[in-house]
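Participant: No letters, just coordinates:
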């Protein structure tokens, strides 16, 4: 039976390499669509959780995982030798930046090496990890063809960028359109056939490089516009204007304007990192991606701007940062998730500590920040009480979780510096609230 037939009758065994924020939600949707799914991960903890029917990703209900495992549709393993069993494999591994801000492709290379050892005829390989244009054909394809099999005839290779938005209550894997681009038309058709089963709409493009560029355009668009509005926030402060009022008024225009909002900086794995992949690639072609670099400069400086705002606010109250008790509200990079990757709140926390402040934080989603967020850095969430708030010289809102009672917090606090407009519903002018 051909791979196309196996996909159509859902007898294909789907492999997911990497069971993190991208891989587990994708595995869940394939299992929902009636496929048998075999997930691979180096983490014994993740593998054991899946096999016990427990989810560790907030967007994937434990009830779903338990049902899939019980029905025999989902299994996880640390044994990469079992890649030989799968008909398709989606590679969902991290693509971080190195310390020099260059792409770190080591995870993709390691994953591909594992696939090469077990590559077989009629197998479909799809890279989902965000990367620079050219990765699939320049890095992954040559590695796979070292097996002696030829792409487009013996096996199929495509790129399909992940579009996971953690905590989004409206759009998940199932109803977010899926872009696919193959190394040959046959590869594109095979990848589109596979992903069309769990996902409502699949959009094919002409090549893997085009698909890779799509993801980078999406996140560069956001990075540049967030950088613009962050700079507008700084401009408005210098002009003695309320940036939130200006944005809300501009948003009443029904055409030609899309609102973006300022904040303490960029967080998550995508927006702070992905545009720099494109910038790096263009540097190899002797071209400077000026918008990307400028946006990164502005966004990276926002934690410093927040700390300067805190310092000014304390100074206006005849208090210095050094020795001040400061509570940071939220460590997640966005509301209602347990993800602190690249979170600017961590930078705000550490910068305040470096200035001599006595800092603590509260985040019900993130009970602890460990050393992997910075050498020697470790902190635990404190219990939030009116008594604690009342003892703080300043409360800095860096994440606007919907579970926070802003009216109560503002009522108990001496001073609040709000980077998210979380207290906006309480009114524009509140004596003890300063907004960026």
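Facilitator: That came through fine. Not measured: the values here are computed from a predicted model.
Participant: Flag every buried residue along the lengthiest helix in the chain.
Facilitator: Longest helix of the chain, by residue count under DSSP state H: helix 208-238. Under the neighbour-count criterion of 16 or more other CB atoms under 10 Å, helix 208-238 has 208-209, 211-216, 218-220, 222-224, 226-234, 236-237 buried. From N, CA and C alone the C-beta is placed, and that goes for glycine too.
Participant: same check, this time on stretch 68-82
Facilitator: By 16+ other CB under 10 Å, the buried positions in stretch 68-82 come out as 68-69, 73-77, 80.
Participant: what's the answer for stretch 30-44, then?
Facilitator: Residues 30-33, 35-41 are the ones in stretch 30-44 that count as buried (16+ other CB under 10 Å).
Participant: And the furthest pair within those?
Facilitator: Pairwise distances across those (CB to CB) peak at 21.1 Å, for the pair 33 and 41.
Participant: Could you give the number of residues near residue 196?
Facilitator: 15 (other CB atoms under 10 Å).
Participant: pretty sure it is in contact with residue 202, am I right?
Facilitator: Yes: if you go by CB atoms under 8 Å, residue 196 and residue 202 touch, sitting 4.7 Å apart.
Participant: Where does the record place the domain boundaries for the chain?
Facilitator: Listed by automatic domain parsing, the domain ranges of the chain are 3-211, 234-435.
Participant: Reformat those as CSV; add mean pLDDT.
Facilitator: Formatted as CSV, the domains of the chain follow (pLDDT from 0 to 100):
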stretch, mean pLDDT
domain 3-211, 96
domain 234-435, 93
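Participant: And the strands in the stretch 1-150 of the chain?
Facilitator: Here the stretch 1-150 of the chain has its strands, by DSSP state E, counting those that start in this stretch, at 13-17, 36-40, 74-77, 88-91, 123-127.
Participant: any chance of those in TSV, with distance to residue 100 too?
Facilitator: Below are those laid out as TSV (distance: least, CB to CB, whole Å):
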stretch	distance to residue 100
strand 13-17	27
strand 36-40	30
strand 74-77	34
strand 88-91	24
strand 123-127	23
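Participant: Against residue 28, how distant is residue 59?
Facilitator: Counting by CB to CB, to the nearest Å, the separation of residue 59 from residue 28 is 9 Å.
Participant: which one of the two has more residues nearby?
Facilitator: Using other CB under 10 Å as the criterion, residue 59 and residue 28 rank with residue 28 on top: 29 against 18.
Participant: Excluding chain neighbours, give the residue nearest to the more buried one in space.
Facilitator: Nearest residue to residue 28, sequence neighbours excluded (CB to CB, 6 or more residues apart in numbering): residue 60, at 5.0 Å.
Participant: Let me know whether that neighbour touches residue 23 as I believe.
Facilitator: No: in this structure residue 60 lies outside contact range of residue 23 using CB under 8 Å: 10.2 Å.
Participant: Just want to know which of these two has more residues nearby.
Facilitator: Neighbours were counted for residue 60 and for residue 23 using other CB under 10 Å; residue 23 has more, 25 against 20.
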